[in-house]
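Undergrad: need a 3D model of the following:
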Amino acid sequence: MSKNVTPYKNSSLGKKEQVAQMFDTISGNYDSLNRVISFGIDIKWRKKVVAIIAKSNPKILLDIATGTGDLAILMAQTNAEKIIGLDISAGMLEVGVQKIAAKKLSNRIEMLLGDSENMPFADNYFDAITVAFGVRNFETLEKGLAEILRVLKPNGVFVILETSVPEKFPYKQGYHFYSKNILPLIGKLFSKDNTAYGYLSESSAVFPYGETLNNILRKIGFIEVQAMPQTFGVATIYSASKK
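TA: This next block holds a predicted model:
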C-alpha cells in the first residue's frame with residue numbers, strides 16, 4: 001500500500017479534495033511547467049503509451065486523471081471512436097476542453113468531471129484505459145485500481161505512466177537532488193501554489209514503483225503485468241490486462 005501523502009499538511013480536507021484544489025490552482029501553468037520540469041521528455045513517454053494502446057486497436061478509451069488532456073489528445077492518433085478523459089479537477093478539464101476544441105477533436109474526446117475511485121461506467125465497458133502521472137494521486141491506490149479493473153473489458157489493455165526512482169548511481173543521487181531541491185523551486189517561481197510541486201516531489205518519492213507496483217496490480221487481479229523503466233528510471237510505463 002502506498003503512503004498517503006497530501007498536498008496541504010494543515011487542511012481538514014481529505015486527499016481527494018486537496019488534490020482537486022491543488023490542480024485547480026495550477027491548471028493555467030500546468031502544461032508549460034510539465035515541459036520545463038521534464039525537459040520535454042514527458043511527451044516522448046506519452047507517445048510510447050499511445051503506441052502500446054494502438055496495438056490492440058481499441059474503439060472506446062478511458063484516460064483517467066486526464067488533466068488538461070495531453071494523453072487523451074495523443075490517443076486520437078489511434079483508431080478509437082470515443083475517448084473519455086476523466087479528472088477530479090474542473091480547472092484542469094476546462095483547459096483541456098479548450099485544447100481539444102482548438103484541435104477540432106470535440107467529436108471524439110469527451111472531458112468528464114469524476115472520481116477515479118467511483119466511476120460512472122458499466123462493468124467491462126472500455127477496450128483500453130490509461131493513467132499518466134495520476135495513480136499516485138489516488139486517495140486509496142488499491143480501490144482505484146480495482147475500479148479500473150471493473151470497467152475494463154476482458155482482454156482489455158491498461159497502461160500506467162508514472163514517476164519512479166532510479167536505482168543506479170549517479171542517476172539515483174541526481175534524481176533525489178533534483179526532486180528535493182530543483183522541482184519545488186521551479187514550482188515556487190511559476191505557480192501561485194507554493195506547496196503543489198513540493199507535494200508532487202514528495203508523492204513521487206514514496207510511491208511504489210517497479211516490481212512493487214507490479215505485485216499490487218497482480219493482487220488486484222490484473223494479468224500480463226510488466227514494467228518498462230524510461231530515461232534511466234525516472235519514469236516507468238506499466239502495462240497489464242484483464243482475464
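Undergrad: which helix or strand lies directly C-terminal to the lengthiest strand in the chain?
TA: Across the chain, the longest stretch assigned as strand under DSSP state E is strand 152-163. Sequence-wise, the next helix or strand downstream of strand 152-163 (DSSP states H and E) is helix 171-177.
Undergrad: restricting to C-alpha, output the least confident helix or strand in the chain by mean pLDDT in CSV.
TA: Within the chain, no helix or strand scores below helix 183-190, which has a mean of 74 by mean pLDDT, DSSP states H and E. Provided in CSV are the C-alpha atoms of helix 183-190 (Å, rounded to 0.1, in the frame of the first residue of the first chain):
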residue,chain,number,x,y,z
LEU,A,183,11.4,20.8,-8.6
PRO,A,184,9.9,22.7,-5.7
LEU,A,185,11.9,25.8,-6.6
ILE,A,186,10.5,25.7,-10.2
GLY,A,187,7.0,25.4,-8.8
LYS,A,188,7.5,28.4,-6.5
LEU,A,189,8.8,30.5,-9.3
PHE,A,190,6.0,29.7,-11.7
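Undergrad: from the contact counts, what lies against it?
TA: Other elements packing on helix 183-190 under the criterion 3 or more Cβ pairs under 8 Å, 6 or more residues apart in numbering; DSSP states H and E are helix 30-37, helix 196-206. Every residue, glycine included, has its C-beta placed from N, CA and C.
Undergrad: what angle sits between the last one and helix 30-37?
TA: Following axes from the mean of the first three to the mean of the last three Cα atoms, to 10 degrees, one obtains 60 degrees for the angle between helix 196-206 and helix 30-37.
Undergrad: pLDDT of helix 196-206, averaged?
TA: Mean pLDDT, computed over helix 196-206, is 80.
Undergrad: what's in contact with it?
TA: Contact partners of helix 196-206, identified using Cβ atoms under 8 Å, 6 or more residues apart in numbering, comprise 2-3, 5-7, 22, 25-26, 33, 37, 136-137, 163, 165, 176, 179-180, 183-184, 186-188, 191.
Undergrad: centre of the chain to stretch 176-195, how far?
TA: 19 Å (Cα atoms, centre = their mean, to the nearest Å).
Undergrad: show residues contacting it.
TA: 7-8, 22, 25-26, 29, 32-33, 36-37, 165, 196-198, 200-201, 204-205.
Undergrad: may I see the PyMOL selection of the buried members of those?
TA: Only the buried entries of these go into this PyMOL selection, using 16 or more other Cβ atoms under 10 Å:
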select buried, resi 7+8+22+25+26+29+33+37+165+196+197+198+200+201+204+205
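Undergrad: which residue ranges form the strands in this structure?
TA: Taking DSSP E as the criterion, the chain contains strands spanning 60-64, 82-87, 109-113, 126-132, 152-163, 223-230, 235-241.
Undergrad: can you put those in JSON lines and add mean neighbour count and mean pLDDT?
TA: Listed next are the strands of the chain as JSON lines, based on neighbours: other Cβ atoms under 10 Å; pLDDT from 0 to 100:
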{"stretch": "strand 60-64", "mean neighbour count": "26", "mean pLDDT": "98"}
{"stretch": "strand 82-87", "mean neighbour count": "24", "mean pLDDT": "98"}
{"stretch": "strand 109-113", "mean neighbour count": "18", "mean pLDDT": "98"}
{"stretch": "strand 126-132", "mean neighbour count": "26", "mean pLDDT": "98"}
{"stretch": "strand 152-163", "mean neighbour count": "20", "mean pLDDT": "97"}
{"stretch": "strand 223-230", "mean neighbour count": "15", "mean pLDDT": "98"}
{"stretch": "strand 235-241", "mean neighbour count": "21", "mean pLDDT": "98"}
